[in-house]
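Undergrad: Model the following, please.
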Amino acid sequence: MRPQSVILTFLGDHVYGRGICVASQSFIEAFASVGISEEATRSALTRMVGRGLLRRQRSGRRMYFGLTPTSTEVLKDGERRIWHSGVVNDADEDRWTLIGFSLPESWQRQRHELRSRLVWAGFGPLQNGLWMAPGEVDAAGVVEDLGANVKVFAAEPRHPTDMQALVGDAYDLAGLGDRYRAFLARWDQADPAPDAPDDLARSLMLLTGWLQIIRTDPRLPLRYLPHDWPAEKAQRVCHTLHERFRAEAAEVAARLLDTVPDESWAER
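TA: Purely as a prediction, here's the structure:
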């Protein structure tokens, strides 16, 4: 697991919404239980400050780390994906958002960034310069700063379009299904992660792994997915185990957390 991913999981479960900053030592002790070294934790915290995902706040001789508007939005998105959106899209409407773009050859960086945003937002390539995503997606944040080079449409498929084939070509369903099945193989058992020292470690591993999967899941309409699609079962396992781990995880985190009030909280 990448240290940054584990840090975001920890922040989302134990810091988000509380208006606190956390001492670096608390992160170090929490992540040692999942095999992340002190050096890797400190390095990840520094990188996250550089990327605007964390802010430093000194109190006495100790350094504390708090959320920024950027990380708050990331955690809000994670909360929505885990607990509210769900992994099954059983909407009756067969609606899609299309984004078409034609960028100058010299815009290599912008093209790469746009494709990364498209994948993150659930889009798959329909054909060169045309991407699609299920449902009606607010594309403003995806195509910002690209102006007239991008067009956005809401659409419905019509005969003779073979949507089953289009979905299979635009998305790696086999790879996504394998990730869900691997999650189930690890966690759908009576005693998951038996070598973990406590339920905080189990909770961190569980949610970090789950987020890595669902952030690559575009939530395609159920009608276009294989009949044995494993996502819904994997979601039930994740939610059940998180509830099972929650009390002890909170107790362990409370013992580890060295915090101070976030001085920027009142400004938000």
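Undergrad: What does G17 show for phi and psi?
TA: In terms of degrees, to the nearest 10, the main-chain angles of G17 are phi 90, psi 0.
Undergrad: roughly how far apart are it and F10?
TA: The spacing between G17 and F10, counted by C-beta to C-beta, to the nearest Å, is 14 Å. Where you see a C-beta, it was placed from the backbone N, CA and C, and this is true even at glycine.
Undergrad: which of these two has more neighbours?
TA: Of the pair G17 and F10, F10 is the one with more neighbours under other C-beta atoms under 10 Å, namely 26 against 11.
Undergrad: shouldn't that one be in contact with F27?
TA: Yes. If you go by C-beta atoms under 8 Å, F10 and F27 touch, sitting 7.1 Å apart.
Undergrad: so how far is the least confident helix or strand in the chain by mean pLDDT from its chain's centroid?
TA: The weakest-scoring helix or strand in the chain, judged by mean pLDDT, DSSP states H and E, is helix 108-120 (a mean of 83). Distance of helix 108-120 from its chain centroid, counting by C-alpha atoms, centre = their mean, to the nearest Å, is 17 Å.
Undergrad: So what touches it?
TA: The contact list for helix 108-120, computed with C-beta atoms under 8 Å, 6 or more residues apart in numbering, reads 99, 101, 103, 131, 133, 141-143, 145-146, 150, 215-216.
Undergrad: nearest residue to Q164 other than its sequence neighbours?
TA: Y224 (5.7 Å; C-beta to C-beta, 6 or more residues apart in numbering).
Undergrad: show me what contacts that neighbour?
TA: Listed by C-beta under 8 Å, 6+ apart, the contact set of Y224 reads M163, Q164, V167.
Undergrad: What of A231?
TA: V87, V88, Y180, D217.
Undergrad: now it: how far from P218?
TA: 11 Å.
Undergrad: on that earlier part again, between the contacts of A231, which is nearest R56?
TA: The closest of the contacts of A231 to R56 turns out to be D217 (C-beta to C-beta; 34.0 Å).
Undergrad: surely the closest one meets G177?
TA: No. With contact defined as C-beta under 8 Å, D217 does not count as touching G177 (10.1 Å).
Undergrad: pLDDT at L176, what is it?
TA: L176 carries a pLDDT value of 96.
Undergrad: Please report the distance of it from W120.
TA: L176 sits 14 Å away from W120, going by C-beta to C-beta.
Undergrad: Check R55 too.
TA: 24 Å.
Undergrad: Then S33?
TA: Separation of S33 from W120 (C-beta to C-beta): 30 Å.
Undergrad: Show me which of the two is the more surrounded one.
TA: Shown here are S33 and W120; by other C-beta under 10 Å, S33 has more neighbours (17 against 14).
Undergrad: picking that back up, which of the contacts of A231 lies at the shortest distance from L206?
TA: Taking C-beta to C-beta as the measure, L206 sits nearest to Y180 out of the contacts of A231, at 14.0 Å.
Undergrad: Excluding sequence neighbours, find me the nearest residue to that closest one.
TA: P230 (4.2 Å).
Undergrad: So what's the residue count around the one you found?
TA: P230: 21 surrounding residues under other C-beta under 10 Å.
Undergrad: swap in I28?
TA: Residues near I28, counting by other C-beta under 10 Å, number 18.
Undergrad: residue contacts, it?
TA: Each residue near I28 by C-beta under 8 Å, 6+ apart is listed here: E38, T41, R42.
Undergrad: do the same with W210
TA: If you count contacts by C-beta under 8 Å, 6+ apart, W210 has them with I82, F183, A234, C238.
Undergrad: now for the residues you listed, which pair is the farthest apart?
TA: Every pair of the contacts of W210 checked by C-beta to C-beta; the farthest is I82 and F183, at 13.2 Å.
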